[in-house]
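**Q** Just a sequence and a predicted model for now, questions to come.
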Amino acid sequence: MRDPKRIKRILDLIEKLWTQAPDQRLGQLLMNYGGFTTKDNWNIEDDDTETMLKLGLEAISAQKHYQKTGEICCTECKKPFKKISKYAFQPDCEHLNKDMILSVG
Ligand SMILES: [Zn+2]
């Protein structure tokens with residue numbers, strides 16, 4: 001049986017994300033940050049959704065920091081993200097999940 005406590009945790013994450021990106025529609029938000037796609041959302045496990053939403057929050061925070069300062073770095077330790085392609089960067093410290101990809105430009 002799935003843990004009923006996940007419902008509040010996931011809804012709290014959605015609320016935090018949506019507050020950071022209020023112009024997005026709910027479906028858009030879940031596709032942008034929740035790992036949802038245009039097909040097969042039926043089989044996405046809630047643990048994976050939760051992980052994706054947490055990554056989304058980290059990405060929004062890093063994006064806002066970049067827009068304010070021009071720095072692509074961890075807001076906590078200031079270590080620069082690793083460049084993985086022309087416009088994509090990944091955290092390179094222990095504060096942020098290394099699966100997060102920040103797109104700029
Ligand atoms: Zn850091």
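**A** It's in. Residues are numbered from 1 along each chain as shown.

**Q** ranges for the helices of the chain?
**A** 5-20, 26-33, 46-69 (DSSP state H).

**Q** got a list of contacts for the longest one?
**A** Which is helix 46-69. 2, 6, 9-10, 13-14, 16-17, 20-21, 32-36, 71-75, 81, 91, 96-97, 99-102, 104 (CB atoms under 8 Å, 6 or more residues apart in numbering). All C-beta atoms are positioned from the backbone trio N, CA, C, and that covers glycine.

**Q** What is the burial count for the spatially closest residue to residue 36 that is not a sequence neighbour?
**A** Counting by CB to CB, 6 or more residues apart in numbering, residue 36 lies nearest to residue 30, which is 4.2 Å off, once chain neighbours are set aside. Residue 30: 22 surrounding residues under other CB atoms under 10 Å.

**Q** measure residue 30 to residue 44 for me?
**A** Distance, residue 30 to residue 44, by CB to CB, to the nearest Å: 10 Å.

**Q** Overlap of the contact sets of those two?
**A** Common neighbours of residue 30 and residue 44 are listed as residue 36 (criterion: CB under 8 Å, 6+ apart).

**Q** Can you list the helices and strands that the least confident helix or strand in the chain by mean pLDDT packs against?
**A** Every helix and strand of the chain was ranked by mean pLDDT, DSSP states H and E. The lowest is strand 102-103, at a mean of 88. Packing partners of strand 102-103 (3 or more CB pairs under 8 Å, 6 or more residues apart in numbering; DSSP states H and E): helix 46-69, strand 88-90.

**Q** All set now, cheers.
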